[in-house]
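[1] Pasting a predicted model and its sequence here:
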Amino acid sequence: MKMTLREFIESPGVPSDDTYTGGIDEDLFFNCVRDETYLNRNLEASLFTRFRRKLYYDYGIGTIPLEPETFKHQFLFWGCIDRDSGLDSLPALFGHLSRVPESNRFIVMLNATDDTFTQLHAEMIPDSVKKVCAANCDVDHPKVQWYPLGRDGNNAEYFDVAPRKDKQQLAYCNFSLGTHPSRATVLDSVKNKEFVNVVEIDGHGLHSGYPMSNERFIDELNNHKFAVCPRGRGYDTLRMWDSLYLGVIPIVVREAQFHDHLTCLPILFLDSVDGYRELTREFLERKHAEMLHVEYDFSMLRESYWLRLFSEKAEALPI
């Protein structure tokens with residue numbers, strides 16, 4: 001799915017049924033992998049399906065089978081629908097899996113969380129786990145595969161909204177302030193710039209606080225060439241991905257290892273939070289004109305890309 005940013009903006013965008021919303025739905029994954037034996041259906045009681053099952057925490061880790069199965073690899077879905085819940089249970093999970101025979105060969109799919117998956121987490125991975133797929137990764141490790149948060153599922157009814165071709169405004173700023181201290185600094189850096197459309201922001205943010213409808217948020221975002229996208233509780237943000245799907249260039253501080261995987265997408269990276277203060281109209285207009293004609297690979301915006309990647313990674317693992 002390689003094309004210039006201009007071509008993407010002039011296209012219908014990514015179909016809603018192939019839009020990636022973060023986390024992996026077990027039923028969808030099961031239907032997409034080429035060899036169904038990769039997924040152990042005996043784990044059904046403890047599999048976590050983002051929109052259809054109770055929280056995995058309700059079942060506990062004791063439901064993981066202790067006897068080797070006939071499956072080449074077992075995908076274990078682990079997480080919570082609340083992104084704020086983080087990775088607190090991960091040491092218990094890895095501790096349990098360390099007592100499982102290595103022949104089980106688990107691939108652990110962590111549901112999207114705002115907590116950062118770090119080197120400390122990677123060092124906990126037991127021998128029976130061959131791969132961990134996680135969001136918000138800040139580690140380069142052979143057993144760890146990063147995946148993005150993707151779009152905000154609360155806006156799903158607007159996923160078919162195509163990128164606006166005639167974006168009228170230069171930069172959009174609309175985010176909550178309570179999720180990370182740097183956000184107040186970012187707001188202070190841009191709020192007096194006449195070329196930045198700063199939506200009135202309270203402690204929660206208009207969007208998350210609901211005075212602004214999802215429809216209005218998407219419509220306003222779609223009318224801008226850039227969006228100010230500071231980190232929140234995690235390095236990755238739904239706002240960044242919502243922007244990309246609409247052909248809006250996110251302005252992001254490069255500060256996590258997974259950002260190195262995003263150079264194929266139209267993102268304006270800054271070296272530090274101070275970079276927001278240094279933004280000028282002339283700079284953004286010049287960068288937009290340049291980036292319109294750069295060829296990018298928009299495959300990462302498709303859910304099918306990530307399902308294919310996970311299944312291919314599994315096939316490449318040793319038996």
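    Sure thing, it's come through. Every value quoted in this text rests on a predicted model; they were computed, and no experiment measured them.
[2] And the pLDDT for residue 33?
    Residue 33 carries a pLDDT value of 39.
[3] And the contacts of whatever helix or strand residue 171 lives in?
    Element membership of residue 171 [criterion: DSSP states H and E] is strand 169-173. Residues outside strand 169-173 that contact it (C-beta atoms under 8 Å, 6 or more residues apart in numbering) are 187, 190-191, 193, 195-199, 201, 220-221, 223-228, 248, 251, 279, 281, 284-285, 288. C-betas here are computed from N, CA, C, even on glycine.
[4] mind listing which of these are in strands?
    Those of the contacts of strand 169-173 mapping onto strands are 196, 197, 198, 224, 225, 226, 227, 228, 251, per DSSP state E.
[5] circling back to that earlier point, pLDDT on the strand holding residue 171, on average?
    Per-residue scores along strand 169-173 average to 98.
[6] Quickly run through the sheet partners of that strand, with directions.
    strand 196-198 (parallel), strand 224-228 (parallel) (DSSP bridges).
[7] List the buried residues of that strand.
    Within strand 169-173, the residues scored as buried using 16 or more other C-beta atoms under 10 Å are 170, 171, 172, 173.
[8] which residues touch residue 218?
    155, 158, 161, 242, 246.
[9] of those, closest to residue 116?
    residue 242 (21.1 Å; C-beta to C-beta).
[10] can you list the buried residues of strand 169-173 in JSON lines and add distance to residue 214?
    Shown next, in JSON lines, are these (distance: C-beta to C-beta, whole Å):
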{"residue": "170", "distance to residue 214": "23"}
{"residue": "171", "distance to residue 214": "21"}
{"residue": "172", "distance to residue 214": "15"}
{"residue": "173", "distance to residue 214": "18"}
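[11] Point out where the stretch 101-250 of the chain drops to low pLDDT.
    Filtered on pLDDT under 70, the stretch 101-250 of the chain yields the residue ranges 102-104, 200-211.
[12] Recalculate using a threshold of 90.
    When residues are selected by pLDDT under 90, those of the stretch 101-250 of the chain lie in 101-115, 127-131, 133-135, 145, 147, 149, 152-156, 176-179, 199-214, 233.
[13] That's all I had, so thanks and see you.
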